[in-house]
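Q: could you look at this predicted model? Sequence included:
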Amino acid sequence: MASVPEHTARLRIESLVAGGDGLAREASGRVVFVPGVLPGEEVVARFVTAKRDFARAEVVEVLEPSPVRTTPPCPARARGCGGCDWQHVDPAAQLGVKADIVREALRRTARLPDARVDAGGSVPSWGYRTSLRLAVDRSGRMSLRRPRTNEPVPLEHCLVAHPALDELVEVVRVRGADEVSLRVGAATGERSMWWTAPPGADVELRDVPADVSLGESAVVHEVVEGRSLRVSGASFFQSGPAAAELVVSTVRSLGGDELAAAGTVVDAYGGVGLFATTVVPDDGSVILVEGSPSACQDAEVNLQRHRTAGRAAVVRSSVESWRPVRADVVVADPSRQGLGAPAVATLAATEAPVMVLVGCDPVAFARDAGLLAAAGYRLDRAVALDLFPQTHHVEVVGRFERDGRDGRDERDGRDGRHESTCAHELGMGEK
Ligand SMILES: C[S@@+](CC[C@H](N)C(=O)[O-])C[C@H]1O[C@@H](n2cnc3c(N)ncnc32)[C@H](O)[C@@H]1O
């Protein structure tokens, strides 16, 4: 039964866990989660919730700061903005701490204590975000939310926003909307803005610069490895082009010789075609499976040249209900919750010798690593990327290799679903 004790305690932080909080232990052995701390620090913390197995506390004083603790530079953070929860960590140290969080998740959740996890790279520490989702306060100012209360904290500037979006944060006012999204194509300078509002709400916009396209279907173009990508408001895009280039090069590297020579690649959760347009060999074919209508429309445009040549299909379907075909390599980049068992079964039925999994939640990634192991795919190595500096978020890219077992014995008769060949799929562009 939960209680709300008032007491404080001195705690030594052992490590950081997925979600970014510090983990400490009371003398009783009970685990305490504390945000805003670093491994090795000794802090005085006030308990805010206490359950039988664990408690949560907030820092009152840092008695022994970590050598990588730094003063958050953002004035909005000082006013309670919860957008960047790791501004207290020296940017140069953030990737290393995130790689440790991935190792810990693989150790605890996937029971892989010896998994190889490399620290792969980071995007620039500031000004990197080309998409922002914001709240608005009562006066219409762009805001981010205060942790726990969710109260909007108005922003004058946002230090992680691309300068072309920071300008919108500063000048634009929006009344009547719940949330506002902003996007810029860094290579083209195109800007878009869309919002959600309660049914029937009268949304009023003020001081929107004339170049900004309005509405969820407004399009910007981004350039990644020299390829232009159309990205509509409702479609997913990485935190910025630097993130897109970093994750693309990491997927290519982990895909290895098998990806470089692949005849057929499945780009599962393919979005607007980021991987399909970049990592698939020139003479290979790609099947992009994606659930969002908006992203599929963008992908059809972005892959038009490949589709005309009969080397690409955009399949609008959930991965779970897609009928698998044989492939040489699968690249899978699911949303935060990860693949889960049904998608693992579908992707394993491609019998691809190599699967590259991209995950944005280390615990979900580790859970999927366990499911993939049960389906015959062993984690070879993983790479942690920092695509969201100043926040606890970490991207993991893993290479999984299919073991030598005969998949037909392992797959509960799912082989019956293989009658649809790649050639059929490529012609259909299934909707
Ligand atoms: C993290 S994004 C990755 C997109 C793309 N790989 C990229 O890097 O730009 C995940 C994508 O999966 C799509 N998605 C989410 N759940 C899905 C599902 N069950 N089946 C198919 N697509 C899904 C989302 O619409 C989104 O485009």
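A: Here it is on my side, so go on.

Q: ok, which stretches of the stretch 101-250 of the chain are helices?
A: 163-171, 241-260 (DSSP state H, counting those that start in this stretch).

Q: minimum distance to the ligand: which of the ones you listed has it?
A: helix 241-260 (6.5 Å; Cβ to the nearest ligand atom). The C-beta positions use only the backbone N, C-alpha and C, and glycine is treated the same way.

Q: for the closest one, buried residues please.
A: Buried residues in helix 241-260, counting neighbours by 16 or more other Cβ atoms under 10 Å, are found at 241-252, 254-255, 258-259.

Q: okay, strands next: where are they in the stretch 201-350 of the chain?
A: Taking DSSP state E, counting those that start in this stretch, the strands of the stretch 201-350 of the chain run over residues 204-206, 212-214, 219-224, 227-232, 264-268, 285-290, 312-316, 329-332.

Q: could the ones you listed be laid out in CSV, adding mean neighbour count, distance to Val48 and mean pLDDT?
A: Shown next, in CSV, are the strands of the stretch 201-350 of the chain (neighbours: other Cβ atoms under 10 Å; distance: least, Cβ to Cβ, whole Å; pLDDT from 0 to 100):
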stretch, mean neighbour count, distance to Val48, mean pLDDT
strand 204-206, 13, 38, 97
strand 212-214, 15, 41, 98
strand 219-224, 20, 41, 98
strand 227-232, 21, 40, 98
strand 264-268, 28, 40, 98
strand 285-290, 27, 41, 98
strand 312-316, 25, 45, 98
strand 329-332, 29, 38, 98
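
Q: same list, these, but as TSV with distance to Ala45 please.
A: Converted to TSV, the strands of the stretch 201-350 of the chain look like this (distance: least, Cβ to Cβ, whole Å):
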stretch	distance to Ala45
strand 204-206	43
strand 212-214	44
strand 219-224	43
strand 227-232	42
strand 264-268	42
strand 285-290	44
strand 312-316	49
strand 329-332	39
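
Q: thinking again about what came up before, and which of the buried residues of helix 241-260 is nearest Ala364?
A: Relative to Ala364, the closest of those is Val247; by Cβ to Cβ it sits at 16.4 Å.

Q: spell out which parts of the stretch 201-350 of the chain neighbour the ligand.
A: Residues of the stretch 201-350 of the chain lying near the ligand by Cβ under 6 Å from any ligand atom: 236-238, 269-272, 274-275, 289-292, 295, 318-320, 333-335.

Q: now with 5 Å?
A: Phe236, Tyr269, Gly271, Leu274, Glu290, Gly291, Ser292, Ala295, Ser318, Val319, Asp333, Ser335 (Cβ under 5 Å from any ligand atom).

Q: of these, just the buried ones, PyMOL syntax please.
A: Entered in PyMOL, the line below selects the buried ones among these, by 16+ other Cβ under 10 Å:
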select buried, resi 236+269+271+274+290+291+292+295+319+333
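
Q: widest-spaced pair of the residues of the stretch 201-350 of the chain next to the ligand?
A: Top of the distance list for these (Cβ to Cβ): Leu274 and Ser318, 19.0 Å.

Q: which regions of the chain lie under the pLDDT threshold?
A: The model of the chain has pLDDT under 70 over residues 1-6, 405-431.

Q: can we see that at 50?
A: Scanning the chain for pLDDT under 50 picks out the ranges 1-5, 405-431.

Q: spatially central residue in it, please.
A: Among the residues of the chain, Cys360 comes closest to the average C-alpha position under Cα atoms, centre = their mean, at 3.6 Å.

Q: dump the residue contacts of that one.
A: Cys360 makes contacts with Ser335, Arg336, His393, Val394, Glu395, Val396, as judged by Cβ atoms under 8 Å, 6 or more residues apart in numbering.

Q: distance check, it against the ligand.
A: Cys360 is 6 Å from the ligand, where distance means Cβ to the nearest ligand atom, to the nearest Å.
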